[in-house]
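In: Need a 3D model of the following:
(chains A and B)
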Number of protein chains: 2
Amino acid sequence: MRRVMLTVAYDGTNYHGWQLQANVPTIESVLNGTLSTFLKEDIKVIGASRTDTGVHALGNIAVFDTQARMPAEKFSYALNQRLPADIQIQSSREVPPDFHPRQCSSRKTYEYRIWNSAFPMPVHRLYSHFTYAPLDIKRMQRAADCLVGEHDFKSFCSVNTTAETTVRTLYDVTVEKTGDMITLRVTGSGFLYNMVRIIAGTLMDVGKGRLAPGQIADILNACDRTKAGPTAPACGLTLVKYEFLDDILPGAPGA
Amino acid sequence: MRRVMLTVAYDGTNYHGWQLQANVPTIESVLNGTLSTFLKEDIKVIGASRTDTGVHALGNIAVFDTQARMPAEKFSYALNQRLPADIQIQSSREVPPDFHPRQCSSRKTYEYRIWNSAFPMPVHRLYSHFTYAPLDIKRMQRAADCLVGEHDFKSFCSVNTTAETTVRTLYDVTVEKTGDMITLRVTGSGFLYNMVRIIAGTLMDVGKGRLAPGQIADILNACDRTKAGPTAPACGLTLVKYEFLDDILPGAPGA
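Out: This is a model prediction of the structure:
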């Protein structure tokens, strides 16, 4: 048996998220089905980030075990011909048999995109959230700065969480504007359920003037989901990059 | 009667282009239907650029005549609630009753986007053309420079054209790369049928090394469609901006 790692990109619009569910299409179910048919083995992938319904990815990670002898690098070519256009493998490689993507140190980068103009723009509607309320990105950046570092992010976590601890570290939170598109970019060691979408909803409240940048510290300290802003819609969120920090992956591209 | 001008944005993926056709959805048919129902008049829009099947727009132009007395600026709000999410008005204003968008001097900007990476990227698949063949954008820019100015673009025009003259002026042709996305941006006085897509196909041939930048002059001189490169696929093309140059539109935003 060999373990193969896939970097998986997808348009989440037509999927009920990553995780296997009965009777609805998910990224995991399509990958399991395509791999099992192609390799004539019963393949079950292990995903790194179990993204929600409607969330997109440029580089999520999946691993699976196979008896197949083809070079691991060739899997991306073979699979892409068999996968739908809205799920495509960006790279494939062999990893140690005990490599588990959720059990080693990693750094994830998400982007949340906001189309901030008087009217929705059709070509951006699937991959950004639209709001006509003018957002002050300088205020948003000041608020974003307060989120960097190690904090208890309980206020920025869906109440349905099953996480053992709500302490996480964010390395970088930036707010940029190009034309009418605002991009919020968040890099961290890990993320709680809905964390980036609640950060996005809260920073939008700051951008609209409903919250002051200085209130972010109070919201963090409260450890109370009701103190933060709303959960921003899924379509604006994209998992951009997933990096493994340990030496567990020889020759892995660095951070 | 008043004449109202709309700036119309659309995702062309699900439409058979702009122009009215029997039994298939087009941008023009949706606008006529939505306006007629909303205003309870028989409305027929006049479009500036009759884009092809699958081509997108951030700012195409349509005008129509109406008896309605609502302020012209309010049409965008009222129509967007009634239009599908893939067609949205970006602005509306009153224009002189004899204003015809195809009969006055204008400047149009198109973008052709190319995703140039080993594998297709799902979130970009609807709004760019994918090619894995590495493209040398410096070569492409040198070729693009040869297209600027007044030329007979017969070699860059579909043979089915009905245009009286194939002479057009290009003001600017640029090739830029951001990450794996190459954007070709073309601004001109007017465009022949399929002209931007044939320019894109030809510049891609230059980028791949199949044509030398210096051959662009020969291709122009030949006035022969078979000398230029292939017509690049529609999904990569977006009509970005349509500007009117005359003083015919008082207070119009300048070039």
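
In: When you work out contacts or count neighbours from here on, use the C-alpha atoms and nothing else.
Out: Will do.

In: near chain B, which residues of the stretch 1-150 of chain A show up?
Out: Within the stretch 1-150 of chain A, the residues that sit near chain B (CA under 8 Å from any CA of the partner chain) are A:9-11, A:56, A:58, A:85-90, A:118-123, A:125, A:127.

In: go with 10 Å
Out: When proximity is defined as CA under 10 Å from any CA of the partner chain, the stretch 1-150 of chain A approaches chain B at A:8-13, A:56-59, A:76-77, A:80, A:84-91, A:117-127.

In: Which of those fall in helices?
Out: A:S76, A:Y77, A:N80 (DSSP state H).

In: So which elements touch the host helix or strand of A:T174?
Out: In this assignment (DSSP states H and E), A:T174 forms part of strand A:167-178. Other elements packing on strand A:167-178 under the criterion 3 or more CA pairs under 10 Å, 6 or more residues apart in numbering or on different chains; DSSP states H and E are strand A:106-115, helix A:137-145, strand A:149-152, strand A:181-188.

In: And the third one, what does it pack against?
Out: Packed against strand A:149-152, as judged by 3+ CA pairs under 10 Å, 6+ apart, are the following elements: strand A:167-178, helix A:215-222.

In: any idea of the mean pLDDT in it?
Out: The average pLDDT for strand A:149-152 rounds to 97.

In: go on, the first one?
Out: Regarding strand A:106-115, the rounded mean pLDDT is 97.

In: and if you look at stretch A:37-45?
Out: 97.

In: ditto for stretch A:172-191
Out: pLDDT averaged over stretch A:172-191 gives 97.

In: what's the answer for stretch A:90-100, then?
Out: Mean predicted confidence for stretch A:90-100 is 95.

In: Name the secondary structure element that contains the residue of the stretch 151-255 of chain A found nearest chain B.
Out: With CA to the nearest CA, the shortest gap between the stretch 151-255 of chain A and chain B falls at A:T238, namely 9.4 Å. If you go by DSSP H and E, A:T238 is part of strand A:237-244.

In: Touching, A:V123 and B:S128? I think so.
Out: No - using CA atoms under 10 Å, A:V123 is not in contact with B:S128; the gap is 11.1 Å.

In: neighbour count winner among those two?
Out: Set A:V123 next to B:S128 and count neighbours by other CA atoms under 10 Å in any protein chain shown: B:S128 wins out with 25 against 22.

In: how near is the residue nearest to the more buried one when sequence neighbours are not counted to chain A?
Out: On the basis of CA to CA, 6 or more residues apart in numbering or on different chains, the spatially nearest residue to B:S128 that is not a chain neighbour turns out to be B:G236, at 3.8 Å. The gap separating B:G236 from chain A is 12 Å, by CA to the nearest CA, to the nearest Å.

In: Return the residues in contact with B:G236.
Out: B:54-56, B:111-115, B:124-130, B:183-184, B:197, B:200 (CA atoms under 10 Å, 6 or more residues apart in numbering or on different chains).

In: now A:Q103
Out: A:A48.

In: Could you confirm it falls within a helix?
Out: No - counting by DSSP: H, G, I helix; E, B strand; the rest coil, A:Q103 is not found in a helix; it is coil.

In: Please report how far it lies from A:G190.
Out: Distance from A:Q103 to A:G190, counting by CA to CA, to the nearest Å: 11 Å.

In: same thing with A:T34?
Out: 29 Å.

In: One more: A:V173?
Out: 13 Å.

In: what residues do those two have in common as contacts?
Out: Shared contacts of A:V173 and A:G190, counting by CA under 10 Å, 6+ apart, come down to A:T109.

In: Of those two, give the one with the bigger neighbour count.
Out: The neighbour comparison of A:V173 against A:G190 (other CA under 10 Å) goes to A:V173, with 23 against 18.

In: I'd say the more buried one and A:K108 touch.
Out: No - if you go by CA under 10 Å, A:V173 and A:K108 don't touch, sitting 11.9 Å apart.

In: Overlap of the contact sets of those two?
Out: A:V186, A:T187, A:G188.

In: Close to chain B as well: tell me which of those qualify.
Out: Among the shared contacts of A:V173 and A:K108, chain B is touched by none when using CA under 10 Å from any CA.

In: okay if I get those as TSV plus neighbour count?
Out: Below are those laid out as TSV (neighbours: other CA atoms under 10 Å in any protein chain shown):
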residue	neighbour count
A:V186	25
A:T187	22
A:G188	19
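
In: what does the domain assignment say about chain A?
Out: A:2-103, A:106-241 (automatic domain parsing).

In: would you turn those domains into CSV with distance to B:R225?
Out: Supplementary listing: these in CSV, determined by distance: least, CA to CA, whole Å:
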stretch, distance to B:R225
domain A:2-103, 32
domain A:106-241, 31
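
In: what residues are up against A:E150?
Out: By CA under 10 Å, 6+ apart, the neighbours of A:E150 are A:V167, A:R168, A:T169, A:L170, A:Y171, A:G188, A:S189.

In: For beta bridges, what are the partners of the second one?
Out: Applying DSSP bridges to A:R168 yields these beta-bridge partners: A:H151.
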